[in-house]
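In: what's the 3D shape of this:
(chains A and B)
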Amino acid sequence: MIKYDVIVIGGGHAGCEAAHAAARMGAKTLLITMKNSSIGQLSCNPAIGGIGKSHLAREVDAMDGLISKIADNSALQRRKLNLSKGPAVHATRIQTCRHAYKKNMQLEIEQQKNLSVHEGIVCSLITKKGFLSGVKLRDGTDILSKSIVLTAGTFLGGVIHCGENSEESGRLGDDSSKELESFFRSMNFEIGRLKTGTPPRLLRSSINFSKLLRQDSDKNNPCLSYLYDHYNREPKQINQIPCYITSTNSLTHEIISSNKHLSAIYSGSIKSKGPRYCPSIEDKIVRFSDKNQHQIFLEPETSDNESIYPNGISTSLPEDIQIKFLRTIEGLERCEIIQPGYAVEYSYFNPTSLHSSLATKTNNNLFFAGQINGTTGYEEAAAQGIIAGYNAAALALGRDQLILDRENSYIGVMIDDLVTKGVTEPYRMFTSRAEYRLKLREDNADMRLTEKMYKLGLVTSERFELFEKKRDMISREELLLDSEIVKVNSSTSKQIKSKYNIEIKNNTSIKSLLKIPTISYQAVANYSEFLHEPNITIGNIIATQERYKGYLVKQDEEILQMKKTSDVVIPKNIVFDKIDGLSNEAVEKLNSIRPKNLGQASRIPGITPSVISLLRIFLKKYAA
Amino acid sequence: MSNEGTIVAISTAHGNAAVGIIRISGTNVKKIMSDYSWQLSPRLVKYVKLKNEKGDTFDDALLIFFEAPSSYTGEDMLEIQMHGNSHILEYFQKELCKKYTRLANPGEFTERAFLNNKIDLVQAEAVMDLINSNNSNSAVAAQRSLQGAFSDKISMLKKDLLEIRMKIEATINFPEDETSNSEPNDLSVVLQRLSERFSDIILQSESGIKLNNNLVVTILGRPNAGKSSLSNTLLGENCSIVSSEAGTTRDILRNNLMLGSNVVTLLDTAGLRDGKSEVEDLGIELSFEASSKSDLVLYVIDVTEGITTDDNKYIEKLPANCWIIYNKIDLTKESSKKEVMNNRNIFYVSALDGQGMDLIRDEISSLKSIDISDGLTTARQRHVDSLSEALKHLYNSIQYNDNQQLDIVAEELRLAHVCLETILGGDVSEELLDAIFSEFCIGK
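Out: Residues are numbered from 1 along each chain as shown, chains lettered A, B, ... in the order given. Alright, predicted model coming up:
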C-alpha cells in the first residue's frame, strides 16, 4: 500500500493551497475530494480580494500560493479600492469567471509534482496506538499518511435552508459529510454551528441593464499576483465584463417585510449565528428599517456571461417570494432565477483547540484549515491552507513548524486571533484587526515574506529569481533617486513651492521629496533634475516606502521593545495550576488556550498585566 | 507589558515626612542626568537644587546614581532624596513622566531585580506575593479613582473617539457599502474639539477633581436586621455630619461623617434577600457592587434570629474586609462586647439604645486610611498619564489629517483608543467592529 506524507481532505480554497504547498515542499501528498469536478469551486461570490482580503491573498501569493495568480488568469473585472485613502489600505479586487477559475485551479493541481488526487468520501480517521495514521473512506479503503489536513468547509453537518425546506448538504447539489462530523464529535472537539447565506443567481438575458449604473475595470488593470503587477509577467486575458449597480426600493422592502416569517432565519429553523457584515436582505430590512433602499451589485459569474450574482441580497425566503421581490427592482423587472438563494448552517471547530501552527492540540499530526475553523471567505481559507499544508509537510519531513507573527503578516494576525480568542461569529479579515496596518501593505507582502519562504522551501527558485530581480531594481532606482538633487532656489524648488506650498530649504534629493504624501513619483519624474529613465511601478513602490518610513522606524522600535517580553516562550508542559498567586479564572483561561508565549497570553481576553508579571517570574524561575 | 522603558516611583510612604525619595530605573537615567546637567559619579552623594521650567528652584535634593549592573534592579538607577512634601514629590515625578519615565507598576522594581538576577530564587516567592498584594490594593484604588464624575467624563471621551473611529474605519474597510460619505468632512475641526476636551479633563484631574479618599464603609444584611438604625445611630449621635447627598441609586444612601481623624463615607444598602422580583435582584447586585468598592463591610445580623446559611453565603462572597454586627441585644439582655474570631471582628450591640456602639466607633476611628489614599493618588496619576498619551496621539492625528494621510490619522486614533482602554478595559478591535456594524448596514 502507498503511504503518503500528507493527506489533505477537501478540495476547496484551503485544501488546494494546503495540498499544493505540501507538494511544493517535496512531501508526497494526496488530495481527497468528494467530487473531482468540484475542485477549486467558488461556492459564493466569484470575487477574490477586496479590503483586508486582498492583503491576505497577496501574502499567500508572496509564499508562491495559488489564489492570486488564478484569480488574475480568470479575471472578468479588475478594480483597485481605496485609492484616495493612503497606500496601506489600497486593495485589489478581481471579479472572476467561476468556470475559468475552477479550470485553472484544477490545472495547477494536476501539474504539480508530488501531488495526486483521489475521489472519495472520508468517513473517519485511522488511529494506531493513539496516533493518527491515515483516513478511512466510505467504500472501505484505508489510506495511510504521516499527517492529515482537514479542510471540510461547510460540508461538516451542512444543512441548506430555503424557505421552509431544508436538506443536508454542504453546497447546493452536493453531499454533506455527516459521518466525519460524528467521528470528530466522538473525539471531543468543541463543535459550534454557524450560518451563511447566498443570493439567488439570475439569468443574464432576463435583465435590462440599460438604465443601470455601469462599473468597468480600472484603466490600468490592477492585478492581485506579484507575477503580473511587479514581476512583468502577463496574465491570461479573457472577456472583460462590467458590473452594474441597482438597488432595492420601498416596494421590495414591503414584500420582504410581509413575508419575513417564511424566511428560514425568522421562522426559527436557523438558530446559529451569521456574520454581521454579510446580513441577508431580510436582516438588513429588519435591522435598518430607516433605510429605504439597499445597493445591489450585479456581478458577472462567468465569461460566457450567462449567470449574474446579485451581491447584497442573500436570502433564505422561499423561491416564489424571491422572484416576487426581485422583480420590483430596477432592471430586474423580468428577471429569471437560475438558482434560488439559500442559507447554509454548518459545523465548525472552535479554533482555540489549535496551535498557532494550525495543528490540533490533541493530535500534532492533524491540522485544520479554512471554514471549519469558523472563518469565512476564500482568502481566509487559502491563507490558513498554505500554513496548514506547510506545517503538515514539515512535520512529515521532520522540519520545524512555521508560525507567522502579527507584526509581519495579516496571516499571522488572523491565526493568532483565531487560536487566542476563538470564534463566535464567522471570522473575516478587516484591516482594522491589524496593529501594524501601515506596515502590512499590499505592495510589500513579497518583501516581508518571499525570501524567508524561499529558504523554507515553499517558494520555487524560479519565483524567487523574479522577486530578486524586482528587489535589485528597487535598490538601483533608490540610488539614482538619492543622487538626483533639487537645489535651493532652482526652478524646480520654485515650482514645488507654488504647487504644494512647500519650501525647499536645503538641497534635497528627489528620493526625500517622495516623503511628502502629495508629491508622486510621476510628478518628480518630470523635474529637470530627474535624469534617468523612470520606472513607474518601481518608483511607486519606493514612494510608498518613503512615505511611511519615518513612522515605521518608530513603530519598529516599539515592536522590538515589546518583543523582549512577548517572545518569552511558555513551555508546552507548564502546569498553570502550580503558579502561586494566579486566580482560578486566570488558570482556567490559560489552560484552555495554552498560549505559546507571553505575547499571546497577554492577548487572551481577561488576562491582566499582573498575571503576565507572575507568569514571567515563574518562567524565569522555571528556566533556572 | 512590563520590563520596558524607564520607571519611576515615590518610594517613601505617603504623607508629609522629613525626607521623600523618588527612585528611577532604566535606560533613560543617564539622559535625565545629562539633560539636568547633573554630573554624578556612581555611589557618591551629590547635592543639587531642583528647578522648574522657568528656572525657579522648588526644592533641593541629594542624588545618588547607581550604574548598571551595580544597582538594586541591575539597571541604571537614580535615587533622588527630596523634602518629604507629597505635592512636591508628585510634581517632580510628573515632570519626569513627561519626557523620560513612566510610573512603575506595583512591585516592578523588585520584579526587575529578579529578572536581572539581582535577587535569588528564594526571594522570588516573596516578589510574587508582593505583586499580588500590591495589585489587589491598586485594583481597589484604580476602581475608586474611576468612580463618579471622572469615570463618566472618560467614558464620554471614549464614546466620542469611538464615533470618529467608527466613521473613518467604516470608509476604509467598507468603501463599497453604504458608508461612503460617513467620514466627517470637517474632520480637523472634530479632532481639534475632541483634543480640547481631553486636555480640559487632564487639567481638571490634575488640580480640580477631588479624590474620593475617604474610608468607605458599607452596611449590609438581611431585611429588618437593623441596618438603618445602625447607620442612623452612627450618624445621629456625636458624629458631625459632613455632608449628606442622595445616593447614586434610590437603594443606596450615602452619608459622610467624621470618626476620629477619618472621614468616613457610610453606604446604607437595600436588604439582602434572594430575589423574588427583578427589582430586588438589582438591589442585591448594587449592594454587592457597593461593597466591592468599600474598605469595610459591616454585616448586620438580628441576634434573635442568629446567623443563617444565607448570611454565611453572602459573607463568603464579600470581596472586602467584613465585620459582623449582632444587633438587638436589648431584646436578649446580653451585654455589649467585641470578639475576634478567625481574624474577624464581631460586635454585639444595640443600635436602638446605643449599647456597644462606641466599640464600633473606636475600632473604625483607629483604622488607617493612608494606604488607600496613597494608592489612589498613584492610580489617578496613572489614569492621567494614559489620557495624556491619548492626547499626544490626537495631536498627531490632527497633524497627519492636515497632510491628507487618512491611513495614518486612523492609526493615531487607534493608538489613542488603546490608551483609553488601559483605563476602562475592553477589546479595541471588537469595540470598533461592534460600533461599525450597529451603525452601518454592511454587506455588499
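In: the closest residue to residue B:269 other than its chain neighbours: helix or strand, and which one exactly?
Out: Sequence neighbours aside, residue B:287 is the residue nearest to residue B:269 in space, at 3.9 Å (criterion: Cβ to Cβ, 6 or more residues apart in numbering or on different chains). Quick note: C-beta positions are derived from backbone N, CA and C, even for glycine. Assessed by DSSP states H and E, residue B:287 sits inside helix B:278-292.
In: in chain B, which residue sits nearest chain A?
Out: Closest contact between chain B and chain A, by Cβ to the nearest Cβ, is at residue B:407 (3.1 Å).
In: okay, that residue: pLDDT?
Out: Looking at residue B:407, its pLDDT reads 91.
In: next, count neighbours for it.
Out: Counted by other Cβ atoms under 10 Å in any protein chain shown, the residues lying close to residue B:407 total 24.
In: so it: helix, strand or coil?
Out: What DSSP: H, G, I helix; E, B strand; the rest coil gives for residue B:407 is helix.
In: from what I can see it touches residue A:437, true?
Out: Yes. Using Cβ atoms under 8 Å, residue B:407 makes contact with residue A:437 at a distance of 7.1 Å.
In: which neighbours do the two share?
Out: Common contact partners of residue B:407 and residue A:437 (Cβ atoms under 8 Å, 6 or more residues apart in numbering or on different chains): A:88-89.
In: name the nearest residue to residue A:114, sequence neighbours excluded.
Out: For residue A:114, the closest residue by Cβ to Cβ, 6+ apart turns out to be residue A:23, at 4.1 Å.
In: whoops, I mixed them up, residue A:31
Out: Counting by Cβ to Cβ, 6+ apart, the residue nearest residue A:31 is residue A:19, at 4.1 Å.
In: for the strand or helix carrying that neighbour, name the packing helices and strands.
Out: Assigned by DSSP H and E, residue A:19 belongs to helix A:13-24. Here helix A:13-24 touches strand A:3-9, strand A:29-33, helix A:98-111, strand A:115-119, strand A:142-150, helix A:378-396, going by 3 or more Cβ pairs under 8 Å, 6 or more residues apart in numbering or on different chains; DSSP states H and E.
In: rerun that using 6 Å as the cut-off
Out: When contacts are defined as 3 or more Cβ pairs under 6 Å, 6 or more residues apart in numbering or on different chains; DSSP states H and E, helix A:13-24 packs onto strand A:3-9, strand A:29-33, helix A:378-396.
In: could I get the ones you listed as TSV with mean pLDDT and mean neighbour count?
Out: As requested, the helices and strands packed on helix A:13-24 are exported to TSV (pLDDT from 0 to 100; neighbours: other Cβ atoms under 10 Å in any protein chain shown):
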stretch	mean pLDDT	mean neighbour count
strand A:3-9	97	25
strand A:29-33	97	26
helix A:378-396	98	30
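In: dump those to a markdown table, plus distance to residue A:229.
Out: Shown next, in a markdown table, are these (distance: least, Cβ to Cβ, whole Å):
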| stretch | distance to residue A:229 |
| --- | --- |
| strand A:3-9 | 29 |
| strand A:29-33 | 29 |
| helix A:378-396 | 17 |
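In: once you drop chain neighbours, what's closest to residue A:502?
Out: residue A:496 (5.6 Å).
In: how many neighbouring residues does the one you found have?
Out: So residue A:496, with other Cβ under 10 Å, has 22 neighbours.
In: and if you look at the one 4 residues further on?
Out: Residues contacting residue A:500 under the criterion other Cβ under 10 Å number 14.
In: just residue B:189 next, same as before
Out: Count around residue B:189 with other Cβ under 10 Å applied: 11.
In: doesn't it belong to a strand?
Out: No. When three-state DSSP is applied, residue B:189 is found to be helix, with no strand at that position.
In: hmm, what's the outermost residue in chain A?
Out: residue A:489 (49.9 Å; Cα atoms, centre = their mean).
In: so that residue: helix, strand or coil?
Out: Residue A:489 - assigned by three-state DSSP - is coil.
In: how does the chain divide into domains?
Out: Picked chain A for this. Split into domains by automatic domain parsing, chain A comes to A:3-199+A:346-460, A:462-552, A:567-623.
In: not quite, I wanted chain B
Out: Structurally, chain B divides into domains by automatic domain parsing as follows: B:7-119, B:127-210+B:378-424, B:215-365.
In: just say which of those domains is most tucked in.
Out: domain B:127-210+B:378-424 (a mean of 19; mean count of other Cβ atoms under 10 Å in any protein chain shown).
In: what about that one, distance to the chain center?
Out: Put simply, domain B:127-210+B:378-424 sits 18 Å off its chain's centre (Cα atoms, centre = their mean, to the nearest Å).
In: so what's residue 390 up against?
Out: Since you didn't name a chain, this refers to chain A. A:21, A:402, A:458 (Cβ atoms under 6 Å, 6 or more residues apart in numbering or on different chains).
In: to clarify, I was referring to chain B.
Out: Contacts of residue B:390 (Cβ under 6 Å, 6+ apart): B:416, B:419-420.
In: let me have those residues in JSON lines, extended by pLDDT.
Out: Compiled in JSON lines, the contacts of residue B:390 are given as follows (pLDDT from 0 to 100):
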{"residue": "B:416", "pLDDT": "95"}
{"residue": "B:419", "pLDDT": "91"}
{"residue": "B:420", "pLDDT": "90"}
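In: now the terminal residues of stretch A:107-123, how far apart.
Out: Using Cα to Cα, to the nearest Å, one end of stretch A:107-123 lies 27 Å from the other.
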